[in-house]
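In: sequence first, then the predicted structure:
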Amino acid sequence: MNLPEGKKIYFASDNHLGAPTPKESFPREQKFVQWLDEVKKDAAAIFLLGDLFDFWFEYKTVVPKGFTRTLGKLAEITDSGIPVYYFVGNHDLWMNGYFEEELNIPVYHKPQEFTFNTTTFFIGHGDGLGPGDKGYKRMKKVFTNPVAKWFFRWMHPDIGVKLAQYLSVKNKLISGDEDVTFLGEDNEWLVQYCKRKLKSKHRDYFVFGHRHLPMEIELNEKSRYTNLGDWIGYYTYAVFDGEDLKLLYYKK
C-alpha cells in the first residue's frame, strides 16, 4: 500500500463492546464511534485488531443484537472508499462472512504482513502466540473445532449468546485474558514471539492487541513492538504517518 501524502494508517483494538453489560459499554461505544468519525478525515486505512465485541458468533441468518452505531459507522467508512481490515480476537473467533458481505471488511484469523510505502508491519490480535498460555491454547482448539461450532450453532441464540457472554466475563481461561500488568520483556509472550519472528525475517513494526496494556518496546535497533492497549481503561490507538508509528491516547 502506497501511503498518499497527508494520509495516515490507524490501529485500534480491544473494545469489548457489550461488557460487562450493553448499557455500561454504551458510553465506550459512543466514544469509539466519535474517534472513527475523526480519523476518517485523513485515514488511508483503519486496522481493527480484534475483540471489538466481548462476544460475537455468526449463525447462518443471525448475528448478536446491538452495536448498531459501530457497525453503521464502519459501513459508512468503507462505503466512502477507506479500507478497514479486521483481525479476529479471542472474544470474536467465530466470524464467518458477515463483515465481508455486509461491511466490505476483510477478516483475518492469523497475523499478516503489510507494507506501507517501504515500511513493513506484522499485524495480528496476539492471542495464543509465543510460549506459555497453554490452557488457553487448548481451549482455543476446542472453540475453533468445526464440530464444536456446529453444535453451538444449533443452540437457540437466546441461550447460546447469554451463556457465551456469561463465560466471557467470568472465566478468564475461556476468554484467554491475561493480567494487565507489565511482566518484563523476558516474560511478555508477545515480545518473545516477535523476537523469534525476527530471526527469520526483518519487520519494522510488530503491532498487536490482546494484552490490554499500551506498550512500545524496542526489539532491536530497527524493529519495535507496539501493543495497542484497549478502549476500556486506556482508550489508546496507534497511528502511522508514513515515517513513524506513534501510540496515542484518545482524550475526548
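Out: Done, it's in.

In: what is the subsequent helix or strand relative to the lowest-mean-pLDDT helix or strand in the chain?
Out: Lowest on mean pLDDT, DSSP states H and E among the helices and strands of the chain sits helix 172-175, with a mean of 48. Remark: after helix 172-175, the chain's next helix or strand is helix 189-198, criterion DSSP states H and E.

In: can you map out the strands along the chain?
Out: Applying DSSP state E to the chain gives strands spanning 8-12, 43-48, 84-87, 107-108, 112-116, 119-123, 205-208, 214-218, 224-228, 236-240, 245-249.

In: most packed of these?
Out: Of these, the one with the most neighbours on average (mean count of other Cβ atoms under 10 Å) is strand 205-208, at a mean of 26. In short, each C-beta sits where N, CA and C put it, glycine included.

In: what mean pLDDT does that one have?
Out: Across strand 205-208, pLDDT averages out at 98.

In: helices and strands around that strand, which ones?
Out: strand 119-123, helix 189-198, strand 224-228 (3 or more Cβ pairs under 8 Å, 6 or more residues apart in numbering; DSSP states H and E).

In: could you tell me the least trusted of those?
Out: Lowest mean pLDDT of these: helix 189-198, a mean of 95.

In: so which bits of that helix are buried?
Out: Residues of helix 189-198 classed as buried by neighbour count (16 or more other Cβ atoms under 10 Å): 189-195, 197-198.

In: dump the residues you listed to a markdown table, plus distance to residue 120.
Out: As requested, the buried residues of helix 189-198 are exported to a markdown table (distance: Cβ to Cβ, whole Å):
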| residue | distance to residue 120 |
| --- | --- |
| 189 | 22 |
| 190 | 17 |
| 191 | 18 |
| 192 | 20 |
| 193 | 16 |
| 194 | 13 |
| 195 | 16 |
| 197 | 11 |
| 198 | 11 |
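
In: in this structure, where is pLDDT below threshold?
Out: Under the criterion pLDDT under 70, the flagged ranges of the chain are 132-144, 152, 164-179.

In: switch the cut-off to 80
Out: In the predicted model, the chain carries pLDDT under 80 at residues 130-180, 182, 252.

In: in the longest helix belonging to it, what's buried?
Out: Looking across the chain with DSSP state H, the single longest helix is helix 22-39. The neighbour-count check on helix 22-39 (16+ other Cβ under 10 Å) flags 22, 25, 28-29, 32-33, 35-36, 39 as buried.
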